[in-house]
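> Need a 3D model of the following:
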Amino acid sequence: AGLRNKQWGVVLISGYFEQRTILLRGSSTNSVVLTLVARRSRHFAGTRYLKRGVTHDGFVANHVETEHILSEGGLGRRLSDILHSSFTQVRGSV
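Next up is the predicted model:
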C-alpha cells in the first residue's frame, strides 16, 4: 500500500548518533566529548549478500559515512575556544 498523496512524503535520515563525555585519567576536571555520527545512503541500499557493485549513477551498494568527532570538554566556554578533531570513514560494498 504506498502513499496516495506524495506531497506529504517525508525523507528520513537512516543512520546512528551517539555522544559520550569521557573523563581523562588522573583528572576530575578534564574531559573530552566523543561524538559518533553514521549516515547511510538511501541509494542502492540492501542486505550485504544481495546488493553489490556500483550503479550507472555511481552509487555503491550499502554506502555508509561514519564521522568520529573528539571535542574538549568544559561547560560555559565559547565554541570558538573549544578544540575539535574529526575523522571521517567511508565504506560501501563493491
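> My understanding was that Ser86 contacts Thr66; is that so?
No. Counting by CB atoms under 8 Å, Ser86 sits too far from Thr66 to count as a contact (11.1 Å). C-beta: built from backbone N, CA, C; applies to glycine.
> Who has more neighbours out of the two?
Between Ser86 and Thr66, counting by other CB atoms under 10 Å, Thr66 is the more crowded of the two (16 against 11).
> Am I right that that one is in a helix?
No. Secondary structure assignment places Thr66 outside any helix; it is strand (DSSP: H, G, I helix; E, B strand; the rest coil).
> Spit out the contact partners of it.
The contact partners of Thr66, by CB atoms under 8 Å, 6 or more residues apart in numbering, come to 36-39, 88-91.
> mind showing which ranges of the protein have poor pLDDT?
Low-confidence segments of the chain, defined by pLDDT under 70: 1-13, 27-29, 44-51, 73-77, 79.
> where along it do the strands fall?
When assigned using DSSP state E, the strands of the chain occupy the ranges 14-23, 31-40, 61-72, 84-93.
> returning to what we had before: buried subset of the contacts of Thr66?
Among those, those buried by neighbour count (16 or more other CB atoms under 10 Å) are 37, 39.
> Distance to Gly53 for the contacts of Thr66 - can I get that in JSON lines?
As requested, the contacts of Thr66 are arranged in JSON lines below (distance: CB to CB, whole Å):
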{"residue": "Leu36", "distance to Gly53": "28"}
{"residue": "Val37", "distance to Gly53": "26"}
{"residue": "Ala38", "distance to Gly53": "22"}
{"residue": "Arg39", "distance to Gly53": "21"}
{"residue": "Thr88", "distance to Gly53": "23"}
{"residue": "Gln89", "distance to Gly53": "21"}
{"residue": "Val90", "distance to Gly53": "17"}
{"residue": "Arg91", "distance to Gly53": "14"}
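> Looking at the contacts of Thr66, which is nearest Glu72?
Taking CB to CB as the measure, Leu36 is the one of those closest to Glu72, at 17.0 Å.
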